[in-house]
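>>> Predicted model and sequence below, questions to follow.
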Amino acid sequence: MKEISLYIHIPFCIQKCSYCNFYSIPYDAKLTENYIRSLTKEISQYKNRNNTLTSIYLGGGTPSILSFAHLLSLFSAINDTFSTPPNIEVTIEANPATITKEVAQNWKILGINRVSIGVQSFNDDELKILGRIHSKKEIRPAIEMVRDNCTENISIDLMYGIPGQTHETWMKSLQKVIELKPKHISSYCLSLEKGTPLFDEQEQYTFPSEDVQKEMYFRMLSFLEINGFFQYEISNFSKKGYGSQHNISCWKGKEYIGCGAAAHSFYDMTRRENIPDVHRYITYMQNDQSVCKTKKVISEREFISDMIFLGLRLSRGVSLSYLKKEFGFDVTAEYSETINKFSKLGYLTIENDHLKLTKKALFVSDEILSEFV
């Protein structure tokens, strides 16, 4: 049996956020019904392949707007297609405005045991700039409903670098998160992406400078550590035993299947991307056509580069002996120039057989990681 992760893309949103460049479209009841029917058909195509799931992740978009009936159809198809061991991590992404007591109870019935809530900020002005549909007053009730009726394994997303954000408002958001006692926190710097309203309207706003963003990041590191959160990845922090198993698996280069419009897969040393168009996706699935937009078989050398690139995101870094034993690949020899350069700058180090980023490097990690691609 091959162990894999499963990602399901739900591309529907009540309202698209101003910064979001992920594929999503406005929610439509009939379109959603047809999409779910097509999704279950795509999932079923993996039947009889002897795959055992290690995690399930429903992302989007806003998966929390799906009805119980739609989710039941999806999980029925998943359980009919894959071997699903008891108590595997099952995550759903959610917007606070879409969470009710009944919704949370239904998630528990379906076996969802981890909820990732897109809070982003506890400041209404910042939420408005981001185009979020919830207000700060909706956050606590939503989290309490999930904890009381579904699971205590709650992850909260926060964002810094928002226009008008100050050290004061940032630290206030962090304090509010701690008060809500989540098991996991993901925090990302706002990125301006072409094609998004915030990118097009950026001249209307005053963004925190790069130096301020950097200080926000390192203040967060210290604050979360003091409050018992372990940084296991550049942007992810958890209480002991609550790291995202789905994401950790991907960062370790494990295989995963992605179903739905715009979903990505890495399976049988092949990277696949589905067509990023709900209407075409539905039509193709109904007509038994392939929904794969691109497909690329990667070489062992590319796979090793990916393992290094992704593995360096993890706090523990990349095991040098593992790559040497499994692939005969000597990281220190192959990347000696890069390692020496960044080691001298204090950005890379080797500890206990692991190549890893230093704390100093975390805010400028993209520049460093790109040299291992």
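Noted; the coordinates are in hand. These figures come from a predicted structure and were not determined experimentally.
>>> Following the record's annotation, map out the domains of this protein.
As assigned by automatic domain parsing, the chain contains the domains 2-251, 300-372.
>>> Nearest to A261, out of those?
Closest to A261 of these is domain 2-251 (C-beta to C-beta; 5.4 Å). (C-beta placed from N, C-alpha, C; glycine too.)
>>> Any idea how far the closest one is from the middle of the chain?
Domain 2-251 sits 7 Å away from the centroid of its parent chain (C-alpha atoms, centre = their mean, to the nearest Å).
>>> what is the mean pLDDT for it?
Average pLDDT, domain 2-251: 96.
>>> tell me how far the ends of that domain are from each other?
End-to-end distance for domain 2-251, by C-alpha to C-alpha, to the nearest Å: 18 Å.
>>> any idea how far D200 is from D124?
23 Å (C-beta to C-beta, to the nearest Å).
>>> Restricting to C-alpha, output stretch 78-85 in PDB.
The C-alpha trace of stretch 78-85 is given here as PDB (Å, rounded to 0.1, in the frame of the first residue of the first chain):
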ATOM      1  CA  ILE A  78     -13.000   9.300  -0.400                       C
ATOM      2  CA  ASN A  79     -13.800   6.400   1.900                       C
ATOM      3  CA  ASP A  80     -15.000   4.300  -1.000                       C
ATOM      4  CA  THR A  81     -11.800   5.000  -3.000                       C
ATOM      5  CA  PHE A  82      -9.000   5.000  -0.500                       C
ATOM      6  CA  SER A  83      -7.900   3.100   2.600                       C
ATOM      7  CA  THR A  84      -8.500   5.600   5.400                       C
ATOM      8  CA  PRO A  85      -7.000   4.600   8.800                       C
END
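>>> Which residue ranges of the stretch 151-300 of the chain form helices?
167-179, 197-200, 210-226, 245-251, 278-286, 300-311 (DSSP state H, counting those that start in this stretch).
>>> With distance to G260 and mean neighbour count added, can I get those helices in TSV?
Below are these laid out as TSV (distance: least, C-beta to C-beta, whole Å; neighbours: other C-beta atoms under 10 Å):
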stretch	distance to G260	mean neighbour count
helix 167-179	30	17
helix 197-200	24	16
helix 210-226	32	15
helix 245-251	15	19
helix 278-286	7	18
helix 300-311	22	17
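>>> Tell me which of those helices lies nearest to D80.
Per C-beta to C-beta, nearest to D80 of those: helix 278-286, 16.9 Å.
>>> what's that closest one packed up against?
Helix 278-286 sits against helix 29-44, with contacts defined as 3 or more C-beta pairs under 8 Å, 6 or more residues apart in numbering; DSSP states H and E.
>>> what comes up buried for the helix it packs on?
For helix 29-44, the neighbour count (16 or more other C-beta atoms under 10 Å) marks L31, T32, N34, Y35, I36, S38, L39, T40, K41, E42, I43 as buried.
>>> repeat for stretch 96-113
P96, A97, T98, I99, V103, A104, N106, W107, L110, I112, N113.
>>> cool, and stretch 18-27?
For stretch 18-27, by 16+ other C-beta under 10 Å, it's S18, Y19, C20, Y23, S24, I25, Y27.
>>> ok, now stretch 311-319?
Within stretch 311-319, the residues that qualify as buried are G311, L312, R313, L314, S315, G317, V318, S319, counting by 16+ other C-beta under 10 Å.
>>> Chain neighbours aside, what residue packs nearest to V177?
I156 (5.4 Å; C-beta to C-beta, 6 or more residues apart in numbering).
>>> what number of residues lie near the one you found?
A count of nearby residues for I156, using other C-beta atoms under 10 Å, gives 24.
>>> which strand residues sit across from it in the sheet?
I156 has these beta-bridge partners by DSSP bridges: I117, I185.
>>> OK, contacts around it?
If a contact means C-beta atoms under 8 Å, 6 or more residues apart in numbering, then I156 has S116, I117, V119, I143, V177, L180, P182, H184, I185, S186 as its contacts.
>>> what helix or strand is the third one on?
Right, the one you point to is V119. Assigned by DSSP states H and E, V119 falls within strand 114-120.
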